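# Test case, fold it:
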Amino acid sequence: MTISLADVERIAHLARIEIDPAEAEAMLSKLAAIFRMIDALDAVNTTGITPMAHAQDLMLPLREDRVTETDQHALFQRAAPAIERGFYLVPKVIE
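Sure thing, here's the model as predicted:
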């Protein structure tokens, strides 16, 4: 894919970025290098390769699914200014 100076200026306009001609030229060369790298990656044959979610085959350690804390619901609600049927009551904020 090729990019032109007009493309850089249009992108800057869409992003609401003020860019002078010297900056546009510098950005053009940087973007062209990025697109050359993308084209090189596109040229690689990936037929039969399964997509990966991560560059390394990592797995998080799993733990046993069991309760480790006691229910302190009533203790926490004792400090609440208003509760009703086990729910915290808060002031209405939207009219």
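# Just the helices from this protein, written as ranges.
Taking DSSP state H to define them, one finds helices in the chain at 5-14, 21-42, 73-78.
# rank those by mean pLDDT and give me the bottom one.
For the helices of the chain, the bottom mean pLDDT is recorded on helix 73-78, which sits at a mean of 91.
# if I look at residue 42, how far off is residue 1?
From residue 42 across to residue 1, the span is 9 Å (C-beta to C-beta, to the nearest Å). Just so you know, the C-beta spots here come from the backbone N, C-alpha and C atoms, and that holds for glycine as well.
# do residue 71 as well
For residue 71, the distance to residue 1 (C-beta to C-beta) stands at 59 Å.
# now swap in residue 93 and tell me
Residue 93 is 50 Å from residue 1, where distance means C-beta to C-beta.
# okay, those two: which has more neighbours?
For residue 93 against residue 1, the residue with the higher neighbour count under other C-beta atoms under 10 Å is residue 1, and the figures read 10 against 5.
# does that one really touch residue 38, like I thought?
Yes: with contacts defined as C-beta atoms under 8 Å, residue 1 counts as touching residue 38 at a distance of 7.2 Å.
# So the residue nearest the centre of the chain versus residue 59, what's the distance?
Note on the chain: the residue nearest the mean C-alpha position is residue 53, at 14.2 Å, using C-alpha atoms, centre = their mean. Between residue 53 and residue 59 the computed distance is 11 Å (C-beta to C-beta).
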